[in-house]
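>>> have a look at this prediction, sequence included:
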Protein chains: 2
Amino acid sequence: MQFISETVNDGVLERLFELDVNGERVPGVIWTAANSSAGQPVLLMGHGGSQHKKAAGLLGHARKYVSDSGFAVVAIDAPGHGERKQSAETAKFVAELQKKMAESQPVGELVTVEMARLASQAVPEWQATLDAVQGLDFVGAQGSVGYWGISMGGVTGVFLAAAEPRIKAAVLGLAGLFPSYKTLAEVAAQVTVPVEFVLQWQDELVSREAGLALFEALGSREKSLHANMGGHIRVPAFENESWERFFKRHLQIQKAG
Amino acid sequence: MQFISETVNDGVLERLFELDVNGERVPGVIWTAANSSAGQPVLLMGHGGSQHKKAAGLLGHARKYVSDSGFAVVAIDAPGHGERKQSAETAKFVAELQKKMAESQPVGELVTVEMARLASQAVPEWQATLDAVQGLDFVGAQGSVGYWGISMGGVTGVFLAAAEPRIKAAVLGLAGLFPSYKTLAEVAAQVTVPVEFVLQWQDELVSREAGLALFEALGSREKSLHANMGGHIRVPAFENESWERFFKRHLQIQKAG
């Protein structure tokens, strides 16, 4: 893990970093309280499709989790996103997506399959990032780890929470199951940690049925569905506060000593 | 409105009262802060079937809404509940319900129709109660009014929120729509205030489909569905806090001047 820059703003310390994972350079960012000590909970935040590690919505939440709750928050650019080069597969997907949308065809399945493809690459990148972050003297491995991600970040989160036992709680959503693509259902069944699941009742990318089916498929004994009115990007602001309370309920603080 | 008793406990003042509505004596209770002044928001709380105005769960929430948020909280015994005499119709319903349950038949529709019957009687009782409460010098009519009720209290709340424009926000749920009983859907469509809707994913009284259909039928532009794992009476404790925040978002305090 190589640090690129370090800036402080309103008591939140932002460090940009790069990490080599399987021959790819993964750019990331970690936010902590300027006066943080090791042992705080770690929250991994997966951005949405076409966004990046410092997208406006994610950045605002991240800073709030640091200021209000003392978490260490980590984001990385997803494969083909942010500072990373778009792959030929993603370029092909984007062209197909634009064609389908121009023809007013449903796109949920196409989007989900592409997100799942990116997620299988993102999981080892997140795991390597978490290894590195827990090795930092100002974070450590004592605090428990949560994951937040909706839309593309939600699909990534299903794969990551299924694969990585260090994840103890996850906010997921704006993603769905499609009968012709079985993999996501099988992976979702392996998720066992508490989940708060975000669904938009008039989501134009993920049908209500597909979203409810993914919520249902999660193996977690404790899971809550929060559905609100409006389209894919219209999640109401009060859900942000609910996510923060969810993570505070589930992520333990253990100061190193 | 005739006051029966007045007790203070931990800063919460509880007044029992009785009110004559259409020839029936309706017993009720109002909780306020011991040091309250007029203008606080008023929260009406409708208890569940077979329960009463001071049922343990309701009482705990009521005291918290008074202590934490300074609301005036009001509960009344529903028709045939608490101190009120059970009607012949309700006795018949209970016998039918027990028979169906003994035969493992679905009971959602039977329960909903009975709850709706009681709700049509309860609505004018709630309206008369609210008239009387807003006439009290220690409450007044300046604060806005909310309604909380799930299960039977949820069905009552759909009818009340549709009929009574003073209700500005409602927590409802644990109730559902059944295709053979159209009235509830028609009434739900007339509800336009913000709603937080409670659904239990394995509700043994209200099927998931029926619950989702009632949420969908509500006419409100702003409505949130909170679904959790478990049966009818297993609503997790963290939802209590969510209801309180919902009411604090929507109920305005206007001190009388």
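Yep, that arrived. Residues are numbered from 1 along each chain as shown, chains lettered A, B, ... in the order given.
>>> count of neighbours near the closest residue to residue A:202 other than its chain neighbours?
Nearest residue to residue A:202 in three dimensions, chain neighbours excluded: residue A:231, at 5.3 Å (Cβ to Cβ, 6 or more residues apart in numbering or on different chains). In this view, the C-beta of every residue, glycine as well, is placed from N, C-alpha and C. Burial measure for residue A:231: 12 neighbouring residues, criterion other Cβ atoms under 10 Å in any protein chain shown.
>>> enumerate the residues of the stretch 101-250 of chain A near chain B.
A:199, A:201, A:212, A:215-216, A:221-229, A:236, A:238, A:241-242, A:245, A:249 (Cβ under 8 Å from any Cβ of the partner chain).
>>> quickly find the element holding the residue nearest to residue A:114 when sequence neighbours are not counted.
Nearest residue to residue A:114, sequence neighbours excluded (Cβ to Cβ, 6+ apart): residue A:93, at 4.4 Å. Secondary-structure element containing residue A:93, defined by DSSP states H and E: helix A:88-102.
>>> got the CA coordinates for that helix in CSV?
This file holds the C-alpha atoms of helix A:88-102, laid out as CSV (Å, rounded to 0.1, in the frame of the first residue of the first chain):
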residue,chain,number,x,y,z
ALA,A,88,-13.0,-4.0,-23.7
GLU,A,89,-15.8,-6.0,-22.0
THR,A,90,-17.1,-2.9,-20.2
ALA,A,91,-17.0,-0.9,-23.4
LYS,A,92,-19.1,-3.6,-25.1
PHE,A,93,-21.5,-3.6,-22.2
VAL,A,94,-22.0,0.2,-22.3
ALA,A,95,-22.7,0.0,-26.0
GLU,A,96,-25.3,-2.8,-25.5
LEU,A,97,-26.9,-0.9,-22.6
GLN,A,98,-27.2,2.3,-24.6
LYS,A,99,-28.8,0.3,-27.5
LYS,A,100,-31.3,-1.4,-25.2
MET,A,101,-32.2,1.8,-23.5
ALA,A,102,-32.7,3.6,-26.8
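>>> okay, buried residues for that helix please.
Within helix A:88-102, the residues that qualify as buried are A:90, A:93, A:97, counting by 16 or more other Cβ atoms under 10 Å in any protein chain shown.
>>> of these, just say which sits nearest to chain B.
Sorting the buried residues of helix A:88-102 by distance to chain B puts residue A:97 at the head of the list, at 28.7 Å, by Cβ to the nearest Cβ.
>>> to the chain's geometric centre, what's the distance from the lengthiest helix in chain A?
With residue count as the measure and DSSP state H as the assignment, chain A has helix A:108-134 as its longest helix. Average the C-alpha atoms of helix A:108-134, do the same for its chain, and the two points are 9 Å apart (Cα atoms, centre = their mean, to the nearest Å).
>>> give me the mean pLDDT for it.
For helix A:108-134, the per-residue pLDDT values average out at 95.
>>> which strands or helices does the helix or strand following it pack on?
Beyond helix A:108-134 on the C-terminal side, the first helix or strand identified by DSSP H and E is strand A:145-149. Here strand A:145-149 is seen to pack against strand A:42-46, helix A:152-163, strand A:167-173, helix A:238-250 when contacts are counted using 3 or more Cβ pairs under 8 Å, 6 or more residues apart in numbering or on different chains; DSSP states H and E.
>>> what about the residue of the stretch 51-200 of chain A found nearest chain B, distance to residue A:52?
Minimum separation of the stretch 51-200 of chain A from chain B (Cβ to the nearest Cβ) falls at residue A:199, amounting to 8.0 Å. Applying Cβ to Cβ, to the nearest Å, the value for residue A:199 to residue A:52 is 24 Å.
>>> between those two, tell me which one has more neighbours.
When neighbours are counted by other Cβ under 10 Å, residue A:199 and residue A:52 differ, and residue A:199 comes out ahead with 24 against 19.
>>> three-state assignment of the more buried one?
Assigned state for residue A:199: strand (three-state reduction, DSSP: H, G, I helix; E, B strand; the rest coil).
>>> ok so, going back, what's across from the residue of the stretch 51-200 of chain A closest to chain B in the sheet?
Residue A:199 has the following beta-bridge partners by DSSP bridges: residue A:227.
>>> just the pLDDT for it.
At residue A:199, the pLDDT value in this model is 98.
>>> what count of nearby residues applies to the nearest residue to residue A:181 once chain neighbours are set aside?
In space, and not counting its chain neighbours, residue A:181 is closest to residue A:113: 5.7 Å by Cβ to Cβ, 6+ apart. Other residues within reach of residue A:113, judged by other Cβ under 10 Å, total 16.
>>> then residue A:5?
Here the neighbour count serves as a burial measure; for residue A:5 (other Cβ under 10 Å) it reads 9.
>>> cool, and the one 3 residues further on?
Residue A:8 is surrounded by 9 other residues when neighbours are defined as other Cβ under 10 Å.
>>> so which bits of whatever helix or strand it lives in are buried?
With secondary structure defined by DSSP H and E, residue A:8 is part of strand A:2-9. By neighbour count with 16+ other Cβ under 10 Å, strand A:2-9 contains no buried residues.
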